[in-house]
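Chemist: Coordinates only, no sequence provided:
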């Protein structure tokens, strides 16, 4: 009589169903592989996962207003209305004379899907109060596109062409690439708008008796476009037009003015020229040469590799047709970076697969190793299919998650195969072994898999920017581990029946030296169980102490070759002064052969060519240079040289050299916001904070966002004298504004461009402070008087910029850290050192840590907020499987012992405990609990079968040692390829060390703890738990 598969009750056996329907299951296997390959091809490729920048910039201008008036009458009104914004965290603003800029920052837990709706609400609220703003206010203006990443940037330099000609050519190229598939936005950078300037000398006009307003009116009248009409004939309509409209500055020179019986050509009393708009737009230079650039972003969910290839082909075709004298250079190419990253991670993934397979072949034998080898492609195929369905592409986090999951996803297949081998060793057939594996392991294995997935819950549900950044880690692990269980119970049994030998009878009698040694160690542990428990608790206590001595880190720096070099001049510096210092730096950079190329932005920071960038807003006193080293190794040499040059030749400026960041952008790592009701007191306190920061030997480049007071000229109008002459404050201000800033009088229609015509004073009149009093102003009766006759001119000082947060004056004190120091560690030290100053603060004043400290706290708090949910889910799963409070508690209590290995691995190597490493520690708990559950349940099963506690513990420990060690080795060794990665290295060290020690303690400490628990239960009158219904593993 043939042997029948063993079944527990009448429970449906999925493995038996698969064996009974092999043709269908084989079809499903093939379909899975094909679908997985197709999904892999369709997955988007990006450098970093998308995450939402939850900041919007609201700006407004009020020409002519002082900084104080702008704050009180403009910024304050806008901030009060913005305080009604849903999900608002805080508003932060800076105000310059006539300019208000407010950053609206949403809470980190704001759902990304709701952010666009919030920005729409902000626009509506600003529109509601626009009519209540002071007369003359321009705006508000909005910028909520901070998250757009322009991964491809092409720069165009021209010799022998005007700026206008080059701009027209670049805009033509822009139109040519817009139809490309997956193209997002294409911005033109460095293009300067033109204007035609008519410069009058007020004193010269006065001497000639010419009224400036008459000249302006003559210009407007000739250039006006007025309807003339249409001639209606019996056959057609003919439009009638009048000539005279200006097409260039030459037409303006021909304008004739009549004064009495005299006629004047406009160019005889004024200088007419075409210039760029003042103030100019941010300029761009590549390797010191002026360029106009095209910044190209990809559409959401596009494939960056395919898009980058198509864009390069189109741009190369365009470059081949450019006229001589126009050169094109690509200064940013994210597709190459992504291609290298995908290739690198693919190599690491293959290495991890080889390591895991080696563990399988060495420990289980060739045939068992082949079963696991065949399982891996099936799991990966299901994982790729799941990633496509959930919209997760290949990027830094998902690729790392695949490698992390690889060491875990073979666990289920290993347990299934090991169970089949154990059954075959007892002389059972392959069919019986396959179905028996499902009966004994499927649901405990499912519980273990779900427990491991639950360990990643804090990653998936952390409501923060850091959580959003790492969300795909949770999703990929969820998909991969779920797929591994499906493959283990559906496909692996079939593979086992094909590949494993017919019989392994008596093979179980061959015990190696490792098992014999373990038996002796276990016997000693059980004989000295209290010593074992005490030693483990002592080691845990030491590790908790050592945890406080680990280096701290939020996210590490990127391993890309770029460096960001920023120069910040005093707040009142002109664009020309900033440009001079930028050129000085460029001259030095050109001599460094370790630099491939560099791009300089004057008047702004770099455009976002890399998602986790801390952008600088447009300011005349700011310049930023993106330096690309020839390799990552040469980047540090370049950095040291630039830092030395900045310290020697740019010590009068605020300077910073920094690599690109990973994770949510932080910018200056050390930031402390000093705020309070009185701005001058805030300034005084900020100086004290800066002093404390500067005394820390590991800080550098301490600076304040508040600039030094700048010079102002105040014109106090004598109202009685002015009215007597037919003048007013308004007319005087208007004339002075025309002289210094210029006033628009008309527009020249130059082909497809509208060029403003501006009337202003001569350069001598505009640049001489001492000559202000001599400015000739027109009176009501047409005569001219000097300004000093109707006004008193006073000189003073005012703050060039006023920062506020939540409507209160605020100054940010910021600093960098010395080479080799970790920002989070130094920030923590400085924060503690500032506690003494905080204790002395007047009422209403505060010093709040920002920078890396604030971002880390947001990230960590979002994780810790979800840990109770994780613990509840794990506890629920354990209770369903174990149905015992004591067993559940014992399994949970094993998790903290992983800290012994975590600290033991990270402290000696100097590996920092960062955000990603913390995720690894939390996920580690699920792995430890899973192994504990396997052993606890087997011990209880043995006790239920009538074995003594000692026999049950010994037998279960020896029987479960192999699968526990094998799965742990697969996970540990699978981490080795990413241990050297900058981003994933700390997590790998945490899991390697923690899981290694936890595996040893699972096989030594846990049997002792179970021995003590069973001994305690044996002394009770009645058992606390019946094992009748316990499921065998």
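Modeler: Cool, the structure landed. Note that the structure is a prediction, hence the values are computed from the model and not measured. Residues are numbered from 1 along each chain as shown.

Chemist: In the stretch 801-950 of the chain, where is pLDDT below threshold?
Modeler: Judged by pLDDT under 70, the stretch 801-950 of the chain has no weakly predicted residues.

Chemist: all helices for it, in order.
Modeler: For the stretch 801-950 of the chain, the helices defined by DSSP state H, counting those that start in this stretch cover 823-833, 835-839, 851-864, 867-882, 885-894, 898-909, 915-944, 949-975.

Chemist: Tell me which of the ones you listed is the most buried.
Modeler: Burial of the helices of the stretch 801-950 of the chain is given as mean neighbour count (mean count of other CB atoms under 10 Å); helix 915-944 ranks first at a mean of 25. Just so you know, the C-beta spots here come from the backbone N, C-alpha and C atoms, and that holds for glycine as well.

Chemist: So which other helices or strands are in contact with it?
Modeler: Of the remaining helices and strands, those touching helix 915-944 by 3 or more CB pairs under 8 Å, 6 or more residues apart in numbering; DSSP states H and E are helix 430-454, helix 457-461, helix 851-864, helix 867-882, helix 885-894, helix 898-909, helix 949-975, helix 985-1018.

Chemist: Do you have the strands of the stretch 101-250 of the chain handy? List them.
Modeler: Applying DSSP state E, counting those that start in this stretch to the stretch 101-250 of the chain gives strands spanning 138-143, 152-158, 183-189, 194-200, 229-232, 237-240.

Chemist: on that earlier part again, could the helices and strands packed on helix 915-944 go into CSV alongside distance to residue 574?
Modeler: Rendered in CSV, the data for the helices and strands packed on helix 915-944 read as follows (distance: least, CB to CB, whole Å):
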stretch, distance to residue 574
helix 430-454, 59
helix 457-461, 49
helix 851-864, 30
helix 867-882, 53
helix 885-894, 65
helix 898-909, 50
helix 949-975, 55
helix 985-1018, 46
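
Chemist: closest one to residue 316 among those helices?
Modeler: Minimum separation from residue 316 across the helices and strands packed on helix 915-944 (CB to CB) falls at helix 985-1018, 37.8 Å.

Chemist: and the angle for the closest one with helix 885-894?
Modeler: For the pair helix 985-1018 and helix 885-894, the angle between their directions (axes from the mean of the first three to the mean of the last three CA atoms, to 10 degrees) equals 150 degrees.

Chemist: quick check, residue 797 in a strand?
Modeler: Yes - under the criterion used here (DSSP: H, G, I helix; E, B strand; the rest coil), residue 797 sits inside a strand.

Chemist: Help me confirm that it comes into contact with residue 713.
Modeler: No - in terms of CB atoms under 8 Å, residue 797 does not count as a neighbour of residue 713; the distance is 11.0 Å.

Chemist: hang on, the earlier thing: out of the helices of the stretch 801-950 of the chain, which is closest to residue 167?
Modeler: Using CB to CB as the measure, helix 851-864 is the one of these that comes nearest residue 167, at 39.1 Å.

Chemist: so how far is the closest one off the chain centroid?
Modeler: Averaging C-alpha coordinates over helix 851-864 and over its chain gives two centres that are 14 Å apart (CA atoms, centre = their mean, to the nearest Å).

Chemist: what angle sits between it and helix 867-882?
Modeler: Following the same axes, to 10 degrees, one obtains 30 degrees for the angle between helix 851-864 and helix 867-882.

Chemist: Surely residue 626 forms part of a helix?
Modeler: No - the assignment for residue 626 by three-state DSSP gives strand, which leaves it out of any helix.

Chemist: didn't it look like it was pressed against residue 598?
Modeler: Yes - contact between residue 626 and residue 598 holds when scored by CB under 8 Å: they sit 6.4 Å apart.

Chemist: Need the three-state assignment for residue 331.
Modeler: Under three-state DSSP, residue 331 falls in the strand class.

Chemist: again with residue 427
Modeler: Here residue 427 is coil, with the state taken from three-state DSSP.

Chemist: okay, now it: neighbour count?
Modeler: Here the neighbour count serves as a burial measure; for residue 427 (other CB atoms under 10 Å) it reads 14.

Chemist: Looking at it now. What's its pLDDT?
Modeler: Each residue has a pLDDT score; the one for residue 427 is 73.

Chemist: any idea how far it lies from residue 433?
Modeler: In this structure, residue 427 and residue 433 are separated by 10 Å, where distance is defined by CB to CB, to the nearest Å.

Chemist: who's in contact with residue 359?
Modeler: Residues touching residue 359, when contacts are defined by CB atoms under 8 Å, 6 or more residues apart in numbering, comprise 966, 969, 970, 973.

Chemist: quick check, nearest of those to residue 114?
Modeler: Comparing the contacts of residue 359 against residue 114 with CB to CB picks out residue 970 as the nearest, at 41.4 Å.
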